[in-house]
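**Q** Curious how this folds, go ahead:
(2 chains)
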Amino acid sequence: MLIRIVSTLSAWAIPFLLFAIPALAFLRRVNVYEAFIEGAQEGFETAIRIIPYLVAMLVAISIFRASGALDLFARAMEPAMKVLGVPPEVLPMAVMRPLSGSGALGFATELVKTYGPDSLIGRMASVMQGTTDTTFYVLTVYFGSVGVRKYRHALALGLIADISGLFASVYICHKLF
Amino acid sequence: MLNLIWLGFILIGIIVAGASGHIDAVTNAALDSAKTSVNICFDLVGIMVLWLGIMKVAEKAGMVELLCRAIRPLVALLFPEIPPNHPALGTIIMNISANVLGLGNAATPFGLKAMKDLQTLNRYPDEATDAMCTFLGLNTSCLTLIPATMISIRVASGSANPTEIVGPTIFASGASMIVAIAADRVFRWMSRRKGR
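**A** The predicted model follows:
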């Protein structure tokens, strides 16, 4: 039942917005096509401005990941994390999460397939993936788009959010399942 | 700080790859990801153009204004330095709403517009403002109501109850958002003490 509601909701969300916004605007006598073009113009330059920032960050992250350094880092944290209730199986995914969205999603999919979606590991991976964000990517793209190079406390804040999301996911899964 | 992290990723990566005997992985990773980054930006062009266009339509019809009036008191509490009626409040609210509803691809354009609006209040253009840090903290920790991607992966791998993760995800993402808001207050307090 819930799955039907959720999938209907996500299938309809965007068509609904694309219908309702122009329709309502038209009723309020907005020149909808002209307004759209006016807003759309900004889109191109913003996206292009991000390129150098994103190349710099993704190249560094992907070297770190492909070299095996990320796995070493995850393995080094294993004993401490085990004490805190984080199973070693989900640790590589948790470490990957702030760095690479597609990488973490790949790990999550594999964990769900290998251990089964209804295992503790599978559920933990699912909750964690939905809870935390690709902090490095988000900061690079958002700051890059306006040319900000000094992040001040934004990175620390993002990582604190990721770590607390990780522990909250582990805690609630132990508690419920 | 960012300089060191960036340098660390590259140098540690190359040393580890060299020591473990698969240095060729570095070359492939560097070239592939440079190409991927550009593709990501080009994919973003279409999405940005579409949603910023729609947003302008909504703005002209007074809909952004309407949405803002409802949530503004809450947002103003988190961003005391943004003057009331500043466009940044509107775009921040649109971005957070899209994030909460799981409309990932609409969230990014609103978020980038919000950064642009926040940048107009910035006295040091290459440095993040308090408001930007708060905004990105909210954005990365954001409450998630429907983790749609993971639900569909769970359906595909034959889960008996694919949506059972919804409740725990709301709990965990809500908790991380509360921690982020609290941490942000502490960071603001610390930077005020340093006399910024």
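
**Q** Skip ahead from the helix or strand bottoming out on mean pLDDT in chain B and say which helix or strand is next.
**A** Lowest by mean pLDDT, DSSP states H and E among the helices and strands of chain B is helix B:63-78, with a mean of 83. Note on helix B:63-78: by DSSP states H and E, the next helix or strand toward the C-terminus is helix B:87-100.

**Q** thought B:A25 was touching B:A17?
**A** Yes - here B:A25 reaches B:A17: they are 5.6 Å apart, a contact under CB atoms under 8 Å. All C-beta atoms are positioned from the backbone trio N, CA, C, and that covers glycine.

**Q** any low-confidence regions in chain A?
**A** Scanning chain A with the threshold set as pLDDT under 70 gives A:1.

**Q** if you skip the residues just before and after it, what's nearest to the residue nearest the centre of it?
**A** Nearest to the geometric centre of chain A sits A:D133, at 3.4 Å (CA atoms, centre = their mean). Leaving out its chain neighbours, the residue that sits closest to A:D133 by CB to CB, 6 or more residues apart in numbering or on different chains is B:T140, at 4.2 Å.

**Q** where does B:E127 fall, phi/psi-wise?
**A** phi -120, psi 140 (degrees, to the nearest 10).

**Q** hang on, B:A160 in a helix?
**A** No - counting by DSSP: H, G, I helix; E, B strand; the rest coil, B:A160 is not part of a helix but coil.

**Q** and it, how far is that from chain A?
**A** 6 Å (CB to the nearest CB, to the nearest Å).

**Q** Please verify my assumption that that residue contacts A:D118.
**A** Yes - B:A160 lies in contact with A:D118 (CB under 8 Å); the separation is 5.5 Å.

**Q** re earlier: which positions within the least confident helix or strand of chain B qualify as buried?
**A** B:M63, B:V64, B:C68, B:R72, B:V75, B:L78 (16 or more other CB atoms under 10 Å in any protein chain shown).

**Q** cool, stretch B:187-194 as well?
**A** Using 16+ other CB under 10 Å as the test for burial, stretch B:187-194 gives B:F187, B:R188.

**Q** Centre of the chain to that stretch, how far?
**A** 23 Å (CA atoms, centre = their mean, to the nearest Å).

**Q** again with stretch A:165-177
**A** Distance of stretch A:165-177 from its chain centroid, counting by CA atoms, centre = their mean, is 18 Å.
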